[in-house]
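*Asks:* what would the 3D arrangement of this be:
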Amino acid sequence: DDSLLQCTKQESKDGFDLGFVGKVETVNTAMLESILALGITPVVSPIGTGIGEEADVAYNVNADAAAGRIAGELKASRVLFLTDIAGVLDKEMSLLRSLTVKNIEELIEDETITGGMIPKVNFATSAVQLGVEEAFITDGRIPHALLNQVLGAGDSDGGTIVTV
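*Replies:* Here you go, the predicted structure:
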């Protein structure tokens, strides 16, 4: 994988050892750009390598973290995150179609966004802060959800768009 995702060991917030879980520190964008220049769409497995003395250590990376970081480093126009709900929901369980980074911070603070959606919106936020134009969180249970987004036909099919 030519050290595509270079990682440091990640610990939980309370300092608990998570084993071989990595936090992406750098992305080998040169390798990805050379593949993309050939007209090939790379399929990335979220496995990273250590850095320096730990270069021979393999780390498991959260797939959303890897996708967001790769998209950000490449300055992609869009990154897609699939979930098993319609997108980001408000307290009444209605879809929030569009959010800014500031909106997300406020919704986490007031506990509108909770649980497993917090890391997903955080990775989307990181991606747009790195230069991605928009991050899209959509329901992977919808037939052709990914294809609709790639083809640009998904704006009417639900999901939440995250921008700066």
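
*Asks:* now the helices for the chain?
*Replies:* Per DSSP state H, the chain carries helices over the ranges 29-37, 63-74, 101-109, 117-129, 145-150.

*Asks:* turn these into a markdown table, including distance to E11.
*Replies:* In this view, the C-beta of every residue, glycine as well, is placed from N, C-alpha and C. Listed next are those as a markdown table, based on distance: least, Cβ to Cβ, whole Å:
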| stretch | distance to E11 |
| --- | --- |
| helix 29-37 | 27 |
| helix 63-74 | 15 |
| helix 101-109 | 21 |
| helix 117-129 | 15 |
| helix 145-150 | 32 |
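
*Asks:* and the ones you listed, which one is worst for confidence?
*Replies:* Note on the helices of the chain: helix 145-150 shows the lowest mean pLDDT, a mean of 82.

*Asks:* relative to N62, how far out is the residue lying closest to T163 once chain neighbours are set aside?
*Replies:* Nearest residue to T163 in three dimensions, chain neighbours excluded: E134, at 5.1 Å (Cβ to Cβ, 6 or more residues apart in numbering). Applying Cβ to Cβ, to the nearest Å, the value for E134 to N62 is 20 Å.

*Asks:* max-length strand in this protein?
*Replies:* Longest strand in the chain by number of residues, with DSSP state E as the criterion: strand 17-27.

*Asks:* what's the weakest-modelled helix or strand in the chain?
*Replies:* Every helix and strand of the chain was ranked by mean pLDDT, DSSP states H and E. The lowest is helix 145-150, at a mean of 82.

*Asks:* next up, the contacts around L74.
*Replies:* By Cβ atoms under 8 Å, 6 or more residues apart in numbering, the residues touching L74 are V27, T29, L32, E33.

*Asks:* for the first one, list each beta-bridge partner.
*Replies:* Applying DSSP bridges to V27 yields these beta-bridge partners: L5.

*Asks:* could you check how far it is from A71?
*Replies:* Distance from V27 to A71, by Cβ to Cβ: 10 Å.

*Asks:* higher neighbour count, those two?
*Replies:* More neighbours surround A71 than the other of V27 and A71, with 26 against 22 (other Cβ atoms under 10 Å).

*Asks:* coming back round to it: hang on, the residue nearest to T163 packs against T160?
*Replies:* No: counting by Cβ atoms under 8 Å, E134 stays clear of T160, with 10.1 Å between them.

*Asks:* what comes up buried for stretch 90-99?
*Replies:* Neighbour-count burial for stretch 90-99 flags L96, L99 (criterion: 16 or more other Cβ atoms under 10 Å).
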